[in-house]
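*Asks:* Based on what follows, work out the 3D shape:
(one chain, ligands or ions: 2)
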Amino acid sequence: MKNNKVYIFDTTMRDGEQTPRVNLNIKDKIEIAKQLEKMNVDVIEAGFPIASEGDFEAVRAVAKTVKKPVIVALSRAVKKDIDRAWEAVQYAVKPRIHTFIATSDIHMKYKLKMTPEEVCKRAIDMVKYAKSICPSVEFSAEDSTRTNPEFLYKVLEGVIDAGADIVNIPDTVGYDIPEEYGKFIRGIKENVPNIDKAIISVHCHDDLGMAVANSIAAVKNGARQVECAVNGIGERAGNAALEEVVMAIKTREVYFGCKTDIITEEIAKTSKIVSHATGMNIPNNKAIVGANAFAHEAGIHQHGVLACSETYEIMTPESVGIKKSTLVIGKHSGRHGFAEHLKELGYDNLSDDKINEAFSKFKDLTGKKKIVSDEDIETIMNHEIFQVPEAYSLDYFQFSSGNTMISTATVEIEFKGEKIRKAAYGDGPVDASFKAIEKASGMHLKLKDYFIKSIGSGKDAIGEVTVQIQKEGDNKVFNARGMSTDVVEASARALVNAINRIYDEAIKYSKVADN
Ligand code: KIV
Ligand code: ZN
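*Replies:* Ligands and ions are numbered 1, 2, ... in the order given. Sure, this is the predicted structure:
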């Protein structure tokens with residue numbers, strides 16, 4: 001064994017499947033196992049064959065399919081469990097039986113109803129038995145962290161003598177604190193006389209949110225196998241997240257003086273496959289694989305990342321299989337990040353004035369909407385920035401409407417410095433607003449068509465209204481759009497935009513005529 005190699009033991013399909021309400025069928029397990037092999041995990045715990053026919057079949061199928069990693073079948077320290085585990089895992093190129101028994105006083109007394117002597121003897125006998133049929137055996141002292149250390153040392157010495165190649169020290173109930181757990185592992189290294197004949201493995205649960213911290217504290221103190229699950233799934237609050245353990249060791253390689261053999265570029269894909277198969281969404285703020293793990297919103301951060309990604313990124317997105325960092329354009333973004341984002345959207349070579357104008361409209365929108373999407377920005381660019389001059393502008397509008405009243409609207413429009421206020425009633429607030437705007441513009445208009453669509457999703461999506469307008473006595477149809485989180489306002493803006501187009505066309509036409 002290379003002393004600085006940390007073996008990654010994936011238990012996504014065993015402890016991970018013990019996540020409440022998660023069920024993986026054989027097809028899911030084969031897909032996950034193949035991806036784990038591609039990611040180069042050292043060990044795959046494929047299931048607990050005695051637990052059910054489905055578990056048995058899945059372990060057997062994985063053992064037959066996946067060749068490179070060690071394939072593990074779990075068993076209690078009971079002969080019939082071990083036989084069943086072997087029956088399933090024997091087809092693997094590298095099979096392993098993982099047998100466990102609890103060693104803490106509380107488990108021995110209430111769950112097992114066995115004395116410590118009986119537990120120690122059972123552990124030794126069952127490891128011996130497992131080793132007589134399988135070339136590789138792992139022993140777990142369940143609830144190790146609440147076990148009397150002297151008793152644990154004795155059990156570990158006994159099982160190593162009996163042939164255990166790996167001894168696992170689970171923090172079954174997620175009780176330990178990193179410093180404490182690190183010392184616990186060191187104590188095992190220093191007090192179990194034959195410990196150099198086995199690999200120390202750790203298996204931490206996340207009940208206090210410390211599974212990853214405990215696992216890596218153990219690595220720092222001599223553990224060389226970490227049991228973990230993709231996306232941190234597992235019994236109750238879950239297991240140590242594989243991707244976090246691996247990236248902590250990789251990112252802080254100098255600190256740990258250790259390495260894993262994981263192909264980290266496969267992490268994001270593996271995470272997605274597991275999320276899909278388990279039906280468990282990955283929270284946006286999840287370390288390494290969450291949607292926000294490489295996303296920057298604050299202006300200062302965006303500026304920094306654009307200048308040199310290391311200012312705010314301790315690992316590259318590419319190193320975990322994510323294409324690139326994202327600059328999330330939102331309320332906290334600065335002009336710099338916004339201008340960069342405009343370039344990505346294809347708005348190149350904009351003048352500073354245009355960028356400023358677009359940025360200010362974008363900022364207005366972030367005050368109204370939680371998430372401003374690229375579509376929203378495109379709508380601003382296409383319909384507000386690159387539009388005809390605003391001869392008529394909508395200063396304000398007001399409407400009242402309801403199912404038992406006549407809808408009325410009052411609008412104020414500014415034209416050549418003059419403020420024109422008009423009111424009208426109509427068939428609904430949009431019709432009333434249109435009539436009021438028509439009056440204020442002094443034009444006689446005909447609404448040929450009206451479309452409304454939602455841009456983006458959620459209840460704060462933007463309503464985009466498109467109108468087709470004709471001026472009375474003129475055949476030409478003018479299309480115009482307006483947008484707002486309020487659909488009546490979007491409609492009013494669309495009509496004012498149409499009026500501006502009509503006016504612009506009339507001016508151009510009169511200029512040509514004047515020439
Ligand atoms: O949490 C635990 O103790 C376990 C053992 C079976 C290793 O999952
Ligand atoms: Zn567990």
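
*Asks:* My reading is that Asn479 lies in a strand. Confirm?
*Replies:* Yes - assessed with DSSP: H, G, I helix; E, B strand; the rest coil, Asn479 lies in a strand.

*Asks:* So which residues on this structure come close to ligand 1?
*Replies:* Asp15, Phe100, Ser140, Glu142, Asn168, Pro170, Thr172, His203, His205 (C-beta under 6 Å from any ligand atom). C-beta here means a position set from N, CA and C on the backbone, and glycine is covered the same way.

*Asks:* can you pull the contacts of Phe397?
*Replies:* Ala409, Thr410, Val411, Glu412, Ser433, Ala436, Val488, Glu489, Ala492 (C-beta atoms under 8 Å, 6 or more residues apart in numbering).

*Asks:* For it, give me phi and psi.
*Replies:* phi -150, psi 160 (degrees, to the nearest 10).

*Asks:* how near is it to Tyr503?
*Replies:* 19 Å (C-beta to C-beta, to the nearest Å).

*Asks:* what's the first-to-last distance across stretch 247-256?
*Replies:* 12 Å (C-alpha to C-alpha, to the nearest Å).

*Asks:* Ranking helices and strands of this structure by mean pLDDT, which lands last?
*Replies:* In the chain, the helix or strand scored least confidently by mean pLDDT, DSSP states H and E is helix 374-380, which has a mean of 77.

*Asks:* Check which helices and strands that one sits against.
*Replies:* Counting contacts by 3 or more C-beta pairs under 8 Å, 6 or more residues apart in numbering; DSSP states H and E, helix 374-380 packs against helix 352-368, strand 445-455, strand 462-471.

*Asks:* domain ranges for the protein?
*Replies:* 7-278, 325-383, 392-514 (automatic domain parsing).

*Asks:* and those domains, which is most packed in?
*Replies:* Mean neighbour count (mean count of other C-beta atoms under 10 Å) peaks for domain 7-278 among the domains of the chain, with a mean of 21.

*Asks:* so how far is it from its chain's centroid?
*Replies:* Taking C-alpha atoms, centre = their mean, to the nearest Å, one finds domain 7-278 lying 25 Å from the centre of the chain it belongs to.

*Asks:* Give me the secondary structure label for the residue nearest the centre of the chain.
*Replies:* By C-alpha atoms, centre = their mean, the mean C-alpha position of the chain lies nearest to Gly290, the distance being 2.6 Å. Assigned with three-state DSSP, Gly290 falls in the coil class.

*Asks:* and the gap between it and ligand 1?
*Replies:* 25 Å (C-beta to the nearest ligand atom, to the nearest Å).

*Asks:* Give the full set of residues in contact with that residue.
*Replies:* Gly290 neighbours (C-beta under 8 Å, 6+ apart): Ile282, Pro283, Asn284.

*Asks:* re the thing from before, minimum distance to Lys34: which of the helices and strands packed on helix 374-380 has it?
*Replies:* Of all these, strand 445-455 sits nearest to Lys34, with 40.0 Å by C-beta to C-beta.

*Asks:* OK, contacts around Trp473?
*Replies:* For the record, residue 473 is Gly, not Trp. Per C-beta under 8 Å, 6+ apart, neighbours of Gly473: His444.

*Asks:* wait, is it part of a helix?
*Replies:* No - Gly473 is assigned coil when assessed by three-state DSSP, not a helix.

*Asks:* got the phi/psi numbers for it?
*Replies:* phi 80, psi 0.

*Asks:* for the stretch 251-400 of the chain, what spans make up the strands?
*Replies:* 295-296, 326-327, 392-400 (DSSP state E, counting those that start in this stretch).

*Asks:* Can you tell me which of the ones you listed has the worst average pLDDT?
*Replies:* Note on those: lowest mean pLDDT is at strand 326-327, with a mean of 84.

*Asks:* the strands in the stretch 1-150 of the chain, which residues?
*Replies:* 7-10, 43-47, 70-76, 95-102, 137-142.

*Asks:* follow-up on the earlier one: for the residue nearest to the centre of the chain, which non-adjacent residue is closest in space?
*Replies:* For Gly290, ignoring the flanking residues on the chain, the nearest one in space by C-beta to C-beta, 6 or more residues apart in numbering is Asn284 at 5.1 Å.

*Asks:* Let me see the backbone angles for the residue of the stretch 351-500 of the chain found nearest ligand 1.
*Replies:* Scanning the stretch 351-500 of the chain for the residue nearest ligand 1 gives Ile371, at 39.1 Å (criterion: C-beta to the nearest ligand atom). Per-residue torsions, Ile371: phi -120, psi 120 (degrees, to the nearest 10).

*Asks:* so it touches Gly458, yeah?
*Replies:* Yes - applying C-beta atoms under 8 Å, one finds Ile371 in contact with Gly458, separated by 7.0 Å.

*Asks:* Looking at the protein, which helix is longest?
*Replies:* Identified as the longest helix of the chain according to DSSP state H is helix 487-514.

*Asks:* just checking, what packs against that one?
*Replies:* Using 3+ C-beta pairs under 8 Å, 6+ apart: helix 487-514 touches strand 392-400, helix 429-441, strand 445-455, strand 462-471, strand 477-484.

*Asks:* Determine which two of the residues of the chain next to ligand 1 are furthest apart.
*Replies:* Phe100 and His205 (14.0 Å).

*Asks:* all helices for the stretch 51-200 of the chain, in order.
*Replies:* Secondary structure of the stretch 51-200 of the chain by DSSP state H, counting those that start in this stretch: the helices cover 53-65, 79-89, 105-106, 116-133, 149-161, 178-191.

*Asks:* Can you redo these as a markdown table, where the extra columns are distance to His383 and mean pLDDT?
*Replies:* Shown next, in a markdown table, are the helices of the stretch 51-200 of the chain (distance: least, C-beta to C-beta, whole Å; pLDDT from 0 to 100):
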| stretch | distance to His383 | mean pLDDT |
| --- | --- | --- |
| helix 53-65 | 55 | 97 |
| helix 79-89 | 63 | 98 |
| helix 105-106 | 67 | 98 |
| helix 116-133 | 71 | 98 |
| helix 149-161 | 70 | 98 |
| helix 178-191 | 55 | 98 |
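
*Asks:* With distance to Thr404 as added columns, please give those helices in JSON lines.
*Replies:* As requested, the helices of the stretch 51-200 of the chain are exported to JSON lines (distance: least, C-beta to C-beta, whole Å):
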{"stretch": "helix 53-65", "distance to Thr404": "61"}
{"stretch": "helix 79-89", "distance to Thr404": "71"}
{"stretch": "helix 105-106", "distance to Thr404": "69"}
{"stretch": "helix 116-133", "distance to Thr404": "78"}
{"stretch": "helix 149-161", "distance to Thr404": "77"}
{"stretch": "helix 178-191", "distance to Thr404": "66"}
